Each structure stands twice: as structure tokens, then as C-alpha cells.
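> Return a 3D structure for these sequence lines:
(2 chains)
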Number of protein chains: 2
Amino acid sequence: MDILKTISQMQKWSKTKKKESKTICFVPTMGYLHQGHISLMEKGKSLCDELVISIFVNPAQFGPNEDLDTYPSNIENDLLLAKKAGVTAVFLPNKDIIYPENFQTEIKLQELPQFLCGKFRPVFFSGVTTVVTKLFNIVMPDIAVFGQKDYQQLQIIRQLVMDLNFDIKIVAGDIIREQDGLAMSSRNAYLSISQRASALCLSKSLHMARDMVDQGEKNPEVIKLKMETFIGTFAETNIEYINFCDPETLEDINVIESETLLAIVVRVGETRLIDNTLL
Amino acid sequence: MDILKTISQMQKWSKTKKKESKTICFVPTMGYLHQGHISLMEKGKSLCDELVISIFVNPAQFGPNEDLDTYPSNIENDLLLAKKAGVTAVFLPNKDIIYPENFQTEIKLQELPQFLCGKFRPVFFSGVTTVVTKLFNIVMPDIAVFGQKDYQQLQIIRQLVMDLNFDIKIVAGDIIREQDGLAMSSRNAYLSISQRASALCLSKSLHMARDMVDQGEKNPEVIKLKMETFIGTFAETNIEYINFCDPETLEDINVIESETLLAIVVRVGETRLIDNTLL
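As a prediction, this is how the structure comes out:
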């Protein structure tokens, strides 16, 4: 497994592989790898000859009061896990390489970031689309894998790739959960033992919603109220949003009749947790 | 010479050439080709195996009161000139292919577009950087050539390529002039005979400024005043700006002591003409 720290090293590596007619799959990460990342890597590994991951905590996608400074990190362990998962190259840049002095370009989508998390994290998605564009030009993959847990991000990347005509196929990876249902996230590391118990409110309330829809409920407001009441019974929880929307456009829906995305964000203590399901 | 009208055709063409280890040079144009474009193509031809041009009048870089609807066009003649210049492929898309319904991505630089033309054409440069990013992903060149007549555009493209880590070398082409000094431009076609005479005020006033600097003048304001008076003697002229600035950052300078960009925009009748020189 090669570890590449500069842009020119990474580009050279990818160009060499391309000359050898090798296909490249890419999984961008912010490190602190867990089973969710591993499953994206395994998916990537099955689709291409070479598997590249990046580990970069992207400051541009954190707001001023967010957790950039405390974001968990364990590079040594990440590299072990990556190697075990069959990664052939890790792109491991520092901040100054990605954002040198005088950096001044921003990539923004006009519609998709207006919904869901975009309302609460105003700089997040332009930070994501800008860094992903850079990473695509640095890694030059044929395929890139993004997790469905960040559903809005996945949709935005799909739109970005279409709009900017990247010759890259975007593949979605399933949400991977702990045995008790909690969606895997590097941020789960922030939770105390009691908060870890409260964090189950996300997956459990999504489950409840699915049951209600299965039993014929079509009114999002009715389901939302039930979910709010249910989540309120868990200690230290604070709902940021519960949203029923079109899985393509992310626009709110009023009646559940075709496939619907149910996306939810709950703060447990200080920790912002997200989850979603397709109804 | 191949003529490619869809994105997938163009990408396939370029990927085939790359597999054959051919290098690709790219000259983006809005058509109505003149000797200025030809000189960019000749430069490109000398640097790579394959020479691609695009012909696309990009609506995103025209403001609401600008000349999108009247922009001159002569595709048949363009194709003849391109073939003669050794172009091996022309990318000739229509508007709906470049901007399909639901297109929503914009690429903006924060600093360089604040100066010079950016002050007067607020949407221009984000339109340019967005379409050039798309064209780079579609044509996948090794080298791209941009003319120095659009000096600010050239600087912005250089910054864009650095910021987004495109693996593309940007090469500058000289300003090509008519025998009497007028910088070549598709928009010169708008000029009446008397306006064509007035249009000489740009190159002549730049010449005057160079002479003053050669004679030791270091004060931009003194030169600017002389230029304004001089240009005022030509019929139907209206100065948009005369600017002395740093050729890298485009920031205004107060004393001419190191290399300085003198950039000028004059409207002759309705026609907006630009020119510049390095002092």
C-alpha cells in the first residue's frame, strides 16, 4: 500500500496506473475509519483494479462553531485498516497542500444544498463540493463510492459530477449499523455511555416510522409528531430536523405515496448525529 | 478533422487518443474565428499531438444587457479555418447539452474577479470558470491555450487550475493585432467604418502610455489623464476603465516601479473593446 502526501505524487501514481490500463476506485474519508468506511472500501475493491482512499479532515466543510478541532483522528490505525481492506494507495495530504495561501475558488450548487442539513450547516456543502472536485482531479478515479448515511451529500455529489461532466461513476454504499441499530459514524466516539444509549433514538424512530407507513399511514406530519414524542423520551436529545422529502430533489413532500426519503438529525448532548431511511 | 457534438463522443475521442499515448492541446473559443484564435491554435499545435477546439457561445458569461443574442457566428467558415490550422477535433455542443435542465453548479473565485472587467461584468467570470471546468472535464487536455488579450481571464484560469488541481498546463498566447494596431476580436465585426477608425484609440493610447513610461513617468494618474484626454478626441468613445495593476494579483498600483499591467476598456458606439499591455 502506497502512502502519498503530495498532489503531484498522487497524480503521478494514478497516471501510471492508467497507463497500465488499471481502473481506479476512490473512497474519500476524513479518517477515524470504522466499519462503514470499510464497507465502502470493500464495495470499491470489487469494482476496480486499484483502490485509493484519502484521509483529510476538510476545514472548509466545518462551520465556525463546529467540531473541526476535536474531530477524532487515529492515522496509524486507519492505515492498518486500509491495508487490511485491500487499499492500494492512501492520499494523506496536509491542510496547506489542499488550501495553499491565495486559494480562492468555491464550488456551489444552487438547489440541493438548500434542504435538510444545508439549512443548518450553511458552509458545509460548498466545502464538500470544492474539496471533492479537487480530490477527483488529484486521484483521477473511474469510480467513487459515497455512503448513503450522508444521503444529501451523495445526491449533491451525483449532481456535481453531472453538472461538471466528470468522467467518474458515483456508486452508493449502504448504511452500516452497530448491532443495536446505531448508524456507524466517527462522531459516535464523542458519546458518553448514557448518550450512547440515547443515540438509539435515531434508528429506533426511523424503524417506528417505517412500521407506521407499512400500516398505511400516509401523512408525514402524523408520523413526525410520533417520532418527536418518542425521541423526547431519550435523555439529552435535541431534534434538529425530521424531514420527509423527494429522494431526487430533496423537496418536502406532503403525502407519502411514492418513494420518500425520511432524514433525521438529532443532537445527543453536543454530538450531532444523522440517519435516514427510504420509505 | 472530427466534429463531436455530444459530451460522451468528445470524452470517448479524448480517451482513445490518451490510450494511444497522444497528448492533447485545447483551445476553447466562442467561434467567429480570427487570426487571434488561429495563432492560439498554431501555438497549441506545436505543443501536442492532437489539437482540439471548442466552439460554444457560453450564455452563462453574458449579463442580461450584453450581446449574447447578436454575438457573431459563422460555423462553416470556422470549420474551414480550424481544419487549415491543423485542428484534429472540434467540440461543437449546443446549449442544452452544456446546461441541461436542473443544472445548478457554479464555480466562483473570490479575489481575482473583483478587479478590472469583473467590476463591470458581475456574472462574467463565474460563467467562464464554470464552463471552462466543464470543458476541461469533457476534452481532458494536457495543455490549454488562452489569449493574453483577455488578460484577467487568463489569470483567473491559471488560479482555477491551481485551486482545483487540474493536471493541465495553461499556456498564454500573444495579443494578435490588425496592421494598424487594433487587437483582433470577434466583436470588431460590430464596428461601422467610422467606429473602426475610433477603435484605434485603444492600441494608440497604450502605445502612448508605454512611451511615457520609457521616458521615466512613474505616476499612473498622470498617464491615465493623458490617455483619457487622447481617447476623448475619438468619436463615439466612452471609457469604461483604464487601470494600472499588479500582473499577478490585479490589485491597483500607485507607482510604476516593477512590471505593471495596463488594462483598458473602451466602448466604441455600443461595442465594448478591451486591450492591455505589460509596462
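> any idea how far the residue nearest the centre of chain A is from chain B?
By CA atoms, centre = their mean, chain A has its centre lying nearest to residue A:150, at 3.7 Å. From residue A:150 across to chain B, the span is 18 Å (CB to the nearest CB, to the nearest Å). Every C-beta, even on glycine, is put in place using the N, C-alpha and C of the backbone.
> That residue reaches residue A:275, doesn't it?
No. The pair residue A:150 / residue A:275 is not scored as a contact, 10.4 Å apart, by CB atoms under 8 Å.
> circling back to that earlier point, what's the spacing between the residue nearest to the centre of chain A and residue A:188?
Distance of residue A:150 to residue A:188, given as CB to CB, to the nearest Å: 14 Å.
> Could you list the contact residues of the stretch 1-150 of chain A toward chain B?
When proximity is defined as CB under 8 Å from any CB of the partner chain, the stretch 1-150 of chain A approaches chain B at A:7, A:11, A:15, A:18-19, A:21, A:100, A:102-112, A:129, A:133-134, A:137-138, A:140.
> If any of these are buried, put those into a ChimeraX selection.
The buried residues among the residues of the stretch 1-150 of chain A next to chain B can be selected in ChimeraX (16 or more other CB atoms under 10 Å in any protein chain shown) with this line:
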select /A:7,11,18,103,104,105,106,107,109,111,112,129,133,134,137,138,140
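> which ones among the residues of the stretch 1-150 of chain A next to chain B are found in helices?
Of the residues of the stretch 1-150 of chain A next to chain B, the ones assigned to helices by DSSP state H are A:7, A:11, A:15, A:18, A:19, A:129, A:133, A:134, A:137, A:138.
> May I ask which of those residues comes out lowest in pLDDT?
Across these, the member with the lowest pLDDT is residue A:19, scoring 90.
> Distance of it relative to residue B:241?
With distances taken as CB to CB, residue A:19 is found 48 Å from residue B:241.
> same check, this time on residue A:153
Using CB to CB, we find residue A:153 at a distance of 42 Å from residue B:241.
> and residue A:2, bridged to which residues?
With DSSP bridges as the criterion, residue A:2 is bridged to residue A:89.
> Show me what the lowest-mean-pLDDT helix or strand in chain A is packed up against.
Across the helices and strands of chain A, mean confidence by mean pLDDT, DSSP states H and E is lowest for helix A:117-120: a mean of 91. With contacts defined as 3 or more CB pairs under 8 Å, 6 or more residues apart in numbering or on different chains; DSSP states H and E, helix A:117-120 has these neighbours: helix A:124-139, strand A:237-245.
> what about the strands in chain A?
Secondary structure of chain A (DSSP state E): strands located at A:2-4, A:24-29, A:50-55, A:89-91, A:105-109, A:143-147, A:169-173, A:237-245, A:261-268, A:271-278.
> So residue A:140 is in contact with residue A:14, correct?
Yes. Between residue A:140 and residue A:14 there is a contact under CB under 8 Å: 4.3 Å.
> Show the contacting residues for the residue of the stretch 1-150 of chain A found nearest chain B.
Across the stretch 1-150 of chain A, the shortest distance to chain B (CB to the nearest CB) belongs to residue A:105, at 3.7 Å. Contact partners of residue A:105, counting by CB atoms under 8 Å, 6 or more residues apart in numbering or on different chains, are A:130, B:107, B:108, B:109, B:110, B:129, B:159, B:160, B:163, B:164.
> any idea how chain A splits into domains?
Here the domain assignment for chain A is A:2-173, A:186-278, based on automatic domain parsing.
> for those domains, which one sits closest to residue B:197?
When those are compared by CB to CB, domain A:2-173 sits nearest residue B:197, at 40.8 Å.
> how near is the residue lying closest to residue A:231 once chain neighbours are set aside to residue A:267?
Excluding its sequence neighbours, the residue lying closest to residue A:231 (CB to CB, 6 or more residues apart in numbering or on different chains) is residue A:201, at 4.6 Å. Noted for residue A:201: a distance of 11 Å to residue A:267, by CB to CB.
> the more surrounded of the two?
residue A:201 (26 against 13; other CB atoms under 10 Å in any protein chain shown).
> That one contacts residue A:266, correct?
Yes. With contacts counted by CB under 8 Å, residue A:201 reaches residue A:266, the gap being 6.2 Å.
> who touches both of the two?
Common contacts of residue A:201 and residue A:266, defined by CB under 8 Å, 6+ apart, comprise A:231, A:237.
> Give me the below-cutoff pLDDT ranges for the stretch 151-279 of chain A.
Scanning the stretch 151-279 of chain A for pLDDT under 70 picks out no residues.
> What residues does it have near chain B?
By CB under 8 Å from any CB, the residues of the stretch 151-279 of chain A that approach chain B are A:159, A:160, A:162, A:163, A:164, A:165, A:166, A:167.
> May I see the PyMOL selection of the buried members of these?
Of those, the buried ones go into a single PyMOL selection, burial set by 16+ other CB under 10 Å:
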select buried, chain A and resi 159+160+163+164+165+166+167
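> now the residues of the stretch 151-279 of chain A next to chain B in CSV, with distance to residue B:92?
Converted to CSV, these look like this (distance: CB to CB, whole Å):
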residue, distance to residue B:92
A:159, 25
A:160, 25
A:162, 21
A:163, 20
A:164, 20
A:165, 15
A:166, 21
A:167, 19
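> Now, the residues of the stretch 151-279 of chain A next to chain B that are in helices?
Using DSSP H, those in helices are A:159, A:160, A:162, A:163.
> so who does the residue nearest to the second one when sequence neighbours are not counted touch?
By that I understand residue A:160. Closest residue in space to residue A:160, ignoring its immediate chain neighbours: residue A:129 at 5.2 Å, by CB to CB, 6+ apart. Listed by CB under 8 Å, 6+ apart, the contact partners of residue A:129 are A:107, A:108, A:109, A:156, A:157, A:160, B:105.
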